[in-house]
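Chemist: could you look at this predicted model? Sequence included:
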Amino acid sequence: MRSVQLATDVDARAVVLVEGLSDRAALEALAERRGRDLDAEGIAVLPMGGASNVGHFLNRFGPPGLDLPLAGLYDEAEVGYFRRGLERAGLLPRYQQSRSELARSDVSRAEMEALGFYVCVADLEDELIRALGVEAVLRILGAEGELGSFHTFQKQLTHQHHSADRQLHRFLGTRSGRKIRYGRLLVEALDLDRVPRSLDRVLAPVPPFS
């Protein structure tokens, strides 16, 4: 997989696993705003091409493989994939209760946070829209020349009865590359004391290297 090869190429000493390219764009933007140089620290932020691939990455970079320091972000709906992957990599204990019950449990999420894996509710774009507020996101759309496109999107029958924050969330995913671009732009617009908890903490368990 290309992301695995990329991490090998940069000689990563720690890995942050994210589901997609927009998550990486947001994390890298936040690191820059915090004055961190992830390349210099040897930290690779790896988009996995979806949560279902997490087991492969944990086997490659976790205890079964290179045994590197790990952290990660996952969407609320994908907790089961991450839980199973962490179990199979030997990082979490296996429980007898059903996987669906375990995936929903606060205990499971707390255990995953202790390992540096944080949930986004419902996903990172949703977290960022709530942190900024609808009006701030609309201003960003305007600065990017996309406010007219968004207003047209709002008038579509499928979307017109949804709340503005949900419309924005759906709009960001309607064109290839848009989520990646806005992942960075939304983080750049944030007050640093209003960064979503998951995004703010995910780099903390991964130690900076001198």
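Modeler: Nice, thanks for sending it over. Numbering: from 1, shown residues only.
Chemist: switch to C-alpha atoms for all contacts and neighbour counts from now on
Modeler: Will do.
Chemist: and the closest residue to Ala77 other than its chain neighbours, what's its pLDDT?
Modeler: Spatially, and ignoring its direct neighbours in sequence, Ala77 is nearest to Ala122 (7.2 Å; CA to CA, 6 or more residues apart in numbering). Ala122 carries a pLDDT value of 93.
Chemist: which of the three states applies to Ala122?
Modeler: Look at Ala122: counting by DSSP: H, G, I helix; E, B strand; the rest coil, its state is coil.
Chemist: what about it, how many residues close to it?
Modeler: Residues lying near Ala122 (other CA atoms under 10 Å) number 13.
Chemist: so it is in contact with Asp75, correct?
Modeler: Yes - with contact defined as CA atoms under 8 Å, Ala122 and Asp75 form a contacting pair (6.0 Å).
Chemist: going on from the lowest-mean-pLDDT helix or strand in the chain, what's the next piece of helix or strand?
Modeler: Using mean pLDDT, DSSP states H and E, the weakest-scoring helix or strand in the chain turns out to be helix 2-9, at a mean of 48. Next helix or strand after helix 2-9 toward the C-terminus (DSSP states H and E): strand 14-18.
Chemist: ok so, going back, OK, contacts around the residue nearest to Ala77?
Modeler: 75-77 (CA atoms under 8 Å, 6 or more residues apart in numbering).
Chemist: strands along the chain, start to end?
Modeler: Using DSSP state E, the strands of the chain run over residues 14-18, 43-47, 70-75, 117-120.
Chemist: good, wrapping up.
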